[in-house]
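In: prediction below, plus the sequence it came from.
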Amino acid sequence: MTTLNIGQLARQTGVTVETVRFYEKQGLIAAPQRSAAGYRQYPRETIQRLRFIQNAKDVGFTLKDIGELLALREEPGTTCEDIQLRASDKLMEVEQKLRELTQIRNALARLVTKCKVQAVEGECPILAELDNEERNT
């Protein structure tokens, strides 16, 4: 079986050596065998596992979520519905964050507009609004 050292693995997956070590410490990838000189020797299958982790991160899964997905993948009896439930939960989280970000954007846009309209030398409407205890978001 062909193995890869940590640098080769990092290059082939587009992550840093530190990231590989971190994922290993987190249990997302298995601790590899070591050479006689003590170098890590990863099996080629680790490439696919790292790509899975990166792809899952790209769509918003946390490392904790990813660990759970990987565990489900290996658990006998796991169904596609089990995985879909996790993805649906993540989608609801993202939609909630989008609602929150929309509120923040609207509040900031209102502040910027207020500043353009009501700007008086020496007084900043944005700072005054942020001082206001009854500020509407």
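Out: Done, it's in.
In: thinking residue 9 is in contact with residue 48, fair?
Out: No. When contacts are counted by C-beta atoms under 8 Å, residue 9 is not listed as touching residue 48 (11.3 Å). In short, each C-beta sits where N, CA and C put it, glycine included.
In: the more surrounded of the two?
Out: Neighbours per residue (other C-beta atoms under 10 Å) separate residue 9 from residue 48, with residue 9 holding more: 23 against 10.
In: and the more buried one, what helix or strand is that in?
Out: In the assignment (DSSP states H and E), residue 9 maps to helix 6-13.
In: hmm, who's touching that helix?
Out: Contact partners of helix 6-13, identified using C-beta atoms under 8 Å, 6 or more residues apart in numbering, comprise 4, 16-17, 19-21, 39-40, 42, 46-47, 50-51, 54.
In: please repeat the previous calculation with a cut-off of 7 Å.
Out: 16, 17, 20, 40, 42, 46, 47, 50, 51, 54 (C-beta atoms under 7 Å, 6 or more residues apart in numbering).
In: same question for stretch 50-61.
Out: Residues contacting stretch 50-61 (C-beta under 7 Å, 6+ apart): 13, 15, 23, 28, 29, 66, 69, 90, 94.
In: looking at this, residue 78 is in a strand?
Out: No. Using DSSP: H, G, I helix; E, B strand; the rest coil, the secondary structure at residue 78 is coil, not a strand.
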